[in-house]
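Asks: Sequence first, predicted coordinates after that:
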Amino acid sequence: MSGTQSAAAELYTQFTSRSYSAQSWNDHPLHPHLGDEGWDEEAMVRFIFTMDLLNFSFWSELPAKERWQVEWRGERWTGYAGMIAGLRRGLEEGRDLTDLGGWEEEGLEALVGEVFRGETGEGMPMMGKRCGALEEAAKVLRERFGVRDEDADDLAEVDYDDPSIATAGVDDTVTTGGPRSHETEVAASAEPEPADGPKNVSTAASDVLEVASETAYTAEHRDESEIVGSAFVPAAGSSTGGSGASMTTLTRPRRPDRSVVRLIEQADHSAGKLVNMLAEYFPCFRDETRFEDRRVRFLKRAQIFVADLWAAFDGKGYGRFDDIEQLTMFADYRVPQMLYNLSMLQYSPPLSARIRRHEEIPHGHSWEIELRGCSIWAVELMRRQIITSHPEAAGKVHAVLLDFLLYDLAKEVEAKV
Ligand SMILES: Nc1nc2c(c(CN[C@H]3C=C[C@H](O)[C@@H]3O)cn2[C@@H]2O[C@H](COP(=O)(O)O)[C@@H](O)[C@H]2O)c(=O)[nH]1
């Protein structure tokens, strides 16, 4: 509580001086922009869904220079930014990981390896878990939000003799082209790595916490659940039909998969509903645990997904959520660092000692849960303090924007260290 007033004052100063808003998402040098470089709405939706499926711990014990790094357009990126750079580079190279048609293919692991190939000796952290998340999501999307009649009708209307429509390759598009219109390259097939985390979703995600020079860490996101792989059923209109179709054997154009769009549409512009749907249907989004005999739900990535949509679409179209202010901050391992720097979080002596010793906190440890829970409460206290001091901020300052700003600030602090 003691740090709240000064932290709130500092954050609000940053908020106003940067004119922080949903639009600030677009300031990130790697985020795609609607309308730029052929990005259409559905390509944006697929990109954001993919990125938030993969948006968990990039923790590394190595010094910054030796960590996994992705090079794209002449610059190198690590962590979350490395993941975005890899996805974008993949699109340019014709390796479209945002096309969920490939998520249940045998070559997924090889494709993911290519998309996220790094420049240092270290590979992308938790590759097996990331492949598992994609596979699992593809299955849920196919079973619950798969092709409906209206899409089949749309496809029936496609003139397959139109020479402007390519007739081979999974990446062919019958819509506006844009980032999807690349030559398809199918990576060599490899067995997906089984998820090695606990299978019980109720033990869910944990986060890693590092604080400036003091470093505590646990492993984030071990919410790996049953990964059930099966062949992807190509969308209606594909001449191959049925399961097990190789990406290269598709001979008809297929419409980009719309299942994520359908999922979003079913949420009726409610952020809370979409978060709950994600948690209910997708075990890998069910980021919850138990604390002192009570269920605790953090739902970090489910909430980030909704927030990213909201920001990327500036609160309109697929990003329209009438209750966006109902979300909490996203309890990860970066924002708590910033909250500590702002004196909003304090550590008990034993925790502090553990952090100084760089000793991992086991997944599910009460410290991890407390750090995540206290981060949510800290941001809420900060929000309330800001509204009390600046009533004009009501409605403009909420947990999503405070979180985004805190994350950006944490990255700025990190860059200076
Ligand atoms: N709470 C919170 N956690 C966030 C983000 C983001 C990226 N969001 C972008 C969208 C708008 C913002 O302005 C950002 O540009 C990633 N993470 C988490 O951090 C960790 C990776 O960190 P590092 O190893 O340093 O790259 C990992 O757990 C990842 O899930 C956020 O916004 N909030």
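Replies: Yep, it's here. Since we're looking at a predicted model, the values are computed, not measured.

Asks: Tell me which stretches of the stretch 251-400 of the chain form helices.
Replies: Ranges of helices in the stretch 251-400 of the chain, per DSSP state H, counting those that start in this stretch, are 259-266, 271-281, 300-312, 335-341, 349-356, 366-389, 399-416.

Asks: Repeat that for the stretch 1-150 of the chain.
Replies: So, for the stretch 1-150 of the chain - with DSSP H, counting those that start in this stretch - the helices run 4-17, 41-53, 79-93, 108-115, 127-145, 149-156.

Asks: Go ahead and confirm Thr289 touches Ile369.
Replies: Yes - in this structure, Thr289 is within contact of Ile369 by Cβ atoms under 8 Å, at 6.0 Å. Just so you know, the C-beta spots here come from the backbone N, C-alpha and C atoms, and that holds for glycine as well.

Asks: quick one: pLDDT of the residue lying closest to Tyr347 once chain neighbours are set aside?
Replies: Once flanking residues are discounted, Tyr347 sits nearest to Ile355: 6.6 Å by Cβ to Cβ, 6 or more residues apart in numbering. Ile355 is assigned 89 on the pLDDT scale.

Asks: Counting neighbours, what do you get for Ile355?
Replies: Using other Cβ atoms under 10 Å, Ile355 has 21 other residues around it.

Asks: ok and the residue in this protein nearest the ligand?
Replies: Nearest residue of the chain to the ligand: Gly79, at 2.2 Å (Cβ to the nearest ligand atom).

Asks: burial measure for that residue, as a count.
Replies: Gly79 has 20 neighbouring residues, counting by other Cβ under 10 Å.

Asks: Show me the shaky parts of the stretch 1-150 of the chain.
Replies: Residues of the stretch 1-150 of the chain meeting the criterion pLDDT under 70: 147-150.

Asks: The ligand contacts on the stretch 1-150 of the chain?
Replies: Contact residues (Cβ under 6 Å from any ligand atom) of the stretch 1-150 of the chain with the ligand: Trp25, His28, Asn55, Phe56, Ser57, Phe58, Gly79, Tyr80.

Asks: out of the residues you listed, what pair is the most spread apart?
Replies: Trp25 and Ser57 (21.5 Å; Cβ to Cβ).

Asks: What are the buried residues along stretch 270-285?
Replies: Across stretch 270-285, burial judged by 16 or more other Cβ atoms under 10 Å covers 270-272, 274-279, 281-285.

Asks: what's the average pLDDT for it?
Replies: What stretch 270-285 shows for mean pLDDT is 98.

Asks: at contact distance from the ligand, anything in that stretch?
Replies: No - for stretch 270-285, no contact with the ligand is found by Cβ under 6 Å from any ligand atom; the gap never falls below 12.6 Å.

Asks: List of residues touching that stretch?
Replies: 53, 132-133, 136-137, 140, 144, 201, 223-226, 263-264, 266-267, 286-288, 297, 299, 301-303, 305-307, 310, 321-324, 326-327 (Cβ atoms under 8 Å, 6 or more residues apart in numbering).

Asks: I'd like to know how many residues surround the closest residue to Arg334 other than its chain neighbours.
Replies: Of all residues not flanking Arg334 in the chain, Ala410 sits nearest, at 4.5 Å (Cβ to Cβ, 6+ apart). Residues lying near Ala410 (other Cβ under 10 Å) number 22.

Asks: now the one 5 residues further on
Replies: Around Ala415 there are 8 other residues, counting by other Cβ under 10 Å.

Asks: Return the residues in contact with Leu54.
Replies: Contact analysis of Leu54 by Cβ under 8 Å, 6+ apart lists Met83, Arg130, Ala133, Leu134.

Asks: try it again with 10 Å
Replies: Going by Cβ atoms under 10 Å, 6 or more residues apart in numbering, Leu54 touches 80, 83-84, 86-87, 97, 112, 116, 124, 126, 129-131, 133-134, 221, 301.

Asks: residue contacts, the nearest residue to Leu34 once chain neighbours are set aside?
Replies: Nearest non-adjacent residue to Leu34, counting by Cβ to Cβ, 6+ apart: Met44, 5.7 Å away. With contacts defined as Cβ under 10 Å, 6+ apart, Met44 is in contact with 31-35, 98, 178-179, 308-309, 312-313, 317-319.

Asks: Can I have the buried ones of those as a ChimeraX selection?
Replies: Those of these that count as buried under 16+ other Cβ under 10 Å are selected in ChimeraX with:
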select :31,32,34,98,178,179,308,309,312,313,318,319
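
Asks: count of residues packed around the nearest residue to Ile369 once chain neighbours are set aside?
Replies: Leaving aside its sequence neighbours, Ile369 sits nearest to Phe291 (Cβ to Cβ, 6+ apart; 4.8 Å). Neighbour count of Phe291, defined by other Cβ under 10 Å: 15.

Asks: give the contact list for Phe291.
Replies: If you count contacts by Cβ under 10 Å, 6+ apart, Phe291 has them with Gly364, Ser366, Glu368, Ile369, Glu370, Arg372, Gly373.

Asks: The last one and Val296 touch, don't they?
Replies: It refers to Gly373. Yes - assessed by Cβ atoms under 10 Å, Gly373 is found in contact with Val296 at 6.5 Å.

Asks: Now do the shared contacts for those two.
Replies: Contacts common to Gly373 and Val296, judged by Cβ under 10 Å, 6+ apart, are Thr289, Ala331.
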